[in-house]
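Trainee: sequence plus the predicted model coming up.
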Amino acid sequence: MTAATEIAFENTFVRALEGLFVPWQAAPTPDARLVLLNESLARELGLDPAQLRTPEGVALLTGTTVPDSATTVAQAYAGHQFGNYSPRLGDGRALLVGELVTPDGTRRDLHLKGSGRTPFARGGDGKAPLGPMLREYVISEAMHALGVPSTRSLAVVATGEPVLRDRGPEPGAVLARTAASHLRVGTFQFAAASSAGGSRGDTATGEVDLLRRLTEYAIARHHPQASTPLEFYRAVIAAQAELIARWMQIGFVHGVMNTDNMTISGETIDYGPCAFLDAHDPSTWYSSIDSGGRYAYGNQPGIAQWNLARFGESLLGLFADSQEEAVRLATEELAGFADAYRAAHDRGYLAKIGVGTPELLADLFAVIEDQKPDHTLFFRRLSEAARGDAGPVRDLLSDSAALDPWLESWRAAGPDADAMDRVNPVYVPRNHLVEEALDAAVEGDLEPVQWLLQVLADPFTDREGYERYALPAGPDAPPFRTFCGT
Ligand code: AMP
Ligand code: MG
């Protein structure tokens, strides 16, 4: 077997996009210890899991020693955080190692989070605690198994160094993740500001081309069917409409939909304060720093459109020579988001209820938004109703009779129960289960995380003995909150 130091990375981002990164090295790790390795993902990437377990492999997964083919960089980006613009965010505690081309020809970024302070760290310590890195691992892998485009998690390595957070010192860790790329709306905001003569703007050195170079790169890498910047904008709008609709179908609340956390590829990224709905209540949010509920479950489509408006603004200079014409074109494209989202939403929810009758959706949402049953159980138990037993789904409602007229029209439409079971998960990463498993892991017991990963890897197959993984937290559980200070 070739040594981990001989893994071949490509560096198309670094070669094409000078001005969007700073070369940087990972911080040393006093006592690196591999906590989780995603062996099947490693194989998909063309990497040998045994090789990643060697000291050289672990050094690669923390960025402390990387192959000659890799150039570790901190990426620059800007972003609107909770509506407020920051011209310079960037990877404050993360590094891009390089790109792996998988045996099937797909290009994936390898990126490390928690690898030490970079020039973008501002006040942060550049580190990450074990709990939140395991959280990203568990939830991103669950999203993938649920069929939702997402970054993937390759490994979590404990660094042997404590990091200080509100709760006191916690074990430090590095997450190795892969992504179609780490290009974000915020990357374009940064490039547009540079090209417009912002902090790095300098026509003499060609910086004015940065936005154009970035756009050409993103088109080639993610949306090659687009032949103009406007078609590229349309493709990203379409990818995000599909993605947000998928989130809404599984009760996923991202929690921090800032423009720096929205990808150009259409993958979900950054699992900080995310969570899953128990009760189907559109006003639900979990993040302790989202005091106004800006990123509540039901607001996600609107926020996506808001972010895409900011994306369009960053591209205006490429749409047309006159500002007025560029704004007109961008506005027209953005208007397409609502239709694309609605179509993806309805298609997904019709699959969830196993029929092809869009007229049934409005009445269904009227009932569930009023009665707020457990989101995941409701749709899963509907297939039992399709097979003739409406008892279990009716039991989820305080006023079960309110569902009966709808059940009658729905049954008349002939729902396909088996097809429903293929799209309505039994198991999602329920907040209380994730917290319980992470608490144990931080105390040194990884077994609950391993069980959870195993259950979530196959979310659509109901298995005996795993009942508690399918149930919400009990009525006495305290309200769930997530924390961003990760
Ligand atoms: P996030 O909300 O996690 O996407 O992060 C927003 C910004 O804060 C990014 O620029 C991160 O790199 C930066 N950041 C978050 N945590 C830290 C940390 N502990 N040290 C340095 N930078 C951080
Ligand atoms: Mg982020």
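Mentor: That came through fine. Ligands and ions are numbered 1, 2, ... in the order given.

Trainee: any figure for the gap between Phe276 and Gly147?
Mentor: 15 Å (Cβ to Cβ, to the nearest Å). The C-beta positions use only the backbone N, C-alpha and C, and glycine is treated the same way.

Trainee: my error: substitute Glu359 in the last question.
Mentor: On the measure of Cβ to Cβ, Glu359 and Gly147 end up 26 Å apart.

Trainee: how about Glu325, secondary structure?
Mentor: helix (DSSP: H, G, I helix; E, B strand; the rest coil).

Trainee: that one and Phe319 touch, don't they?
Mentor: Yes - if you go by Cβ atoms under 8 Å, Glu325 and Phe319 touch, sitting 7.5 Å apart.

Trainee: which ones are touching the residue of the stretch 151-300 of the chain found nearest ligand 2?
Mentor: Closest to ligand 2 within the stretch 151-300 of the chain is Asp270: 4.1 Å, counting by Cβ to the ion. Going by Cβ atoms under 8 Å, 6 or more residues apart in numbering, Asp270 touches 136, 254, 256, 261.

Trainee: what about the residue lying closest to Ala473 once chain neighbours are set aside, distance to Arg294?
Mentor: Nearest residue to Ala473 in three dimensions, chain neighbours excluded: His432, at 4.0 Å (Cβ to Cβ, 6 or more residues apart in numbering). As for His432, its distance to Arg294 is 24 Å (criterion: Cβ to Cβ).

Trainee: same question, Ser69
Mentor: Counting by Cβ to Cβ - Ser69 and Arg294 are separated by 42 Å.

Trainee: kindly report the same for Ser86.
Mentor: 16 Å.

Trainee: returning to what we had before: neighbour count for Ser69 and Arg294, which is higher?
Mentor: Ranked by neighbour count (other Cβ atoms under 10 Å), Ser69 and Arg294 place Arg294 first, with 17 against 14.

Trainee: now do the contacts for that one.
Mentor: 82-83, 285, 303.

Trainee: again, but for Thr65
Mentor: By Cβ under 8 Å, 6+ apart, Thr65 lies in contact with 5, 56, 59.

Trainee: ok, these vs ligand 2, which is closest?
Mentor: Nearest member of the contacts of Thr65 to ligand 2, counting by Cβ to the ion, is Ala59, at 25.0 Å.

Trainee: how about the closest one, nearest residue that isn't a chain neighbour?
Mentor: Thr65 (3.9 Å).

Trainee: Glu170 too?
Mentor: Pro129 (3.9 Å).

Trainee: burial measure for that neighbour, as a count.
Mentor: 22.

Trainee: what of Ala121?
Mentor: 16.

Trainee: so it sits right up against Gly92, yeah?
Mentor: Yes - between Ala121 and Gly92 a contact is recorded at 4.1 Å, counting by Cβ under 8 Å.

Trainee: neighbouring strands - and their directions - for the longest strand anywhere in the chain?
Mentor: Taking DSSP state E as the criterion, the chain has its longest strand at strand 152-165. Partners of strand 152-165 in the sheet, by DSSP bridges, are strand 33-37 (antiparallel), strand 168-179 (antiparallel).

Trainee: now it: buried residues?
Mentor: Using 16 or more other Cβ atoms under 10 Å as the test for burial, strand 152-165 gives 152-159, 161, 163, 165.

Trainee: quick one: mean pLDDT for it?
Mentor: Averaging pLDDT along strand 152-165 yields 97.
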